[in-house]
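Participant: I would like the atomic coordinates for the input below:
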Amino acid sequence: MTRSAVFAPVEIVEGDRKRGIVLLADHAKRDLPDEYDDLGLPASEFQRHIAYDIGVEQVTRKLAALLGVPAVMANFSRLLIDPNRGEDDPTLIRQLYDGTVVPGNYPLTPEERERRLEKYYRPYHDAVGAMVASVARESGKAPFLLSMHSFTPVMQGHVRPWHVGLLWDRDDRAVLPLIELLAQDRTLTIGDNEPYDGALRGDTMFRHAIVNGYAHALIELRQDLIADEATAEDWAMRLAPLVDAVNARADIHEVRQFGSRTGPL
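Facilitator: Numbers count the residues shown, from 1 in each chain. You can find the predicted model right below:
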């Protein structure tokens, strides 16, 4: 984990915007601004999944390079504030996470909550929105959004057997072809809306894809499969041709309103 007095809340990885793809990584990093020190936690907690999505930064960088497309990554730990939650979500700033109490988040004043929204959360989403708009403008078509995440092999005592999960709400244009392509490798156990449900109102996909009618998918990779540079690169190389194949489909670049299982948009 690194900290800096001058802290940029977002990193842009440049790529060819004409390709019509945007990669997103909400939980790629575990860093904190200097002013928050370590949120009262020992360094060991920042090695865990509660601080970031292990392996996702490396997979996203390599996948962006292989596809030649841009990526937007949040630079801050989700322990500070979770960019993959709506502003009114009770888990936006966690005080307890997978058995760990976060002292720096408790108690949390309304003023401090608003400060984190204004300095970190909103600038990240502003950058995502600007990138999506730029890709739409330069490609001349509706962009395809791919959100990269990872999940811990064991959560609250439950073993998770999936190697990769695809999360979605009602728009299946990208997800079903990806599942079909991944299933060609019979060694893989693939989760369809596992280990999480993909319908989360106010999350990144809801905000930037569903509301706009853009095709999208959220990929969850099991963390023990991408925990080092070599395995992260292997998964990026596995995913790149599949993403290319989906991106070549005509329906991927159409604006279509599917709505959400969470209620009216």
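
Participant: all strands for the stretch 101-250 of the chain, in order.
Facilitator: For the stretch 101-250 of the chain, the strands defined by DSSP state E, counting those that start in this stretch occupy 144-151, 154-155, 158-159, 164-167, 190-192, 216-222.

Participant: Select, out of those, the one closest to Glu111.
Facilitator: Closest to Glu111 of those is strand 144-151 (Cβ to Cβ; 30.4 Å). The way it works is simple: take the backbone N, C-alpha and C, and place the C-beta from them, glycine included.

Participant: Which elements pack onto that closest one?
Facilitator: Applying 3 or more Cβ pairs under 8 Å, 6 or more residues apart in numbering; DSSP states H and E, one finds that strand 144-151 makes contact with strand 21-25, helix 56-67, helix 204-205, strand 216-222, helix 229-247.

Participant: which residues are in contact with stretch 228-248?
Facilitator: Contact with stretch 228-248 is made by 19-21, 55, 58-59, 62-63, 66-67, 144, 146, 174, 177-178, 181-182, 219, 221, 225-226, 252, as judged by Cβ atoms under 8 Å, 6 or more residues apart in numbering.

Participant: Just the buried residues of that stretch, please?
Facilitator: 231-233, 235-236, 238-240, 242-243, 246-247 (16 or more other Cβ atoms under 10 Å).

Participant: would TSV of these with pLDDT and distance to Phe206 be doable?
Facilitator: Conversion of the buried residues of stretch 228-248 to TSV gives the following (pLDDT from 0 to 100; distance: Cβ to Cβ, whole Å):
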residue	pLDDT	distance to Phe206
Thr231	98	30
Ala232	98	27
Glu233	98	30
Trp235	98	25
Ala236	98	26
Arg238	98	27
Leu239	98	23
Ala240	98	26
Leu242	98	24
Val243	98	21
Val246	98	20
Asn247	98	21
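
Participant: ok, these vs His163, which is closest?
Facilitator: Among the buried residues of stretch 228-248, and counting by Cβ to Cβ, the member closest to His163 is Trp235, at 9.3 Å.
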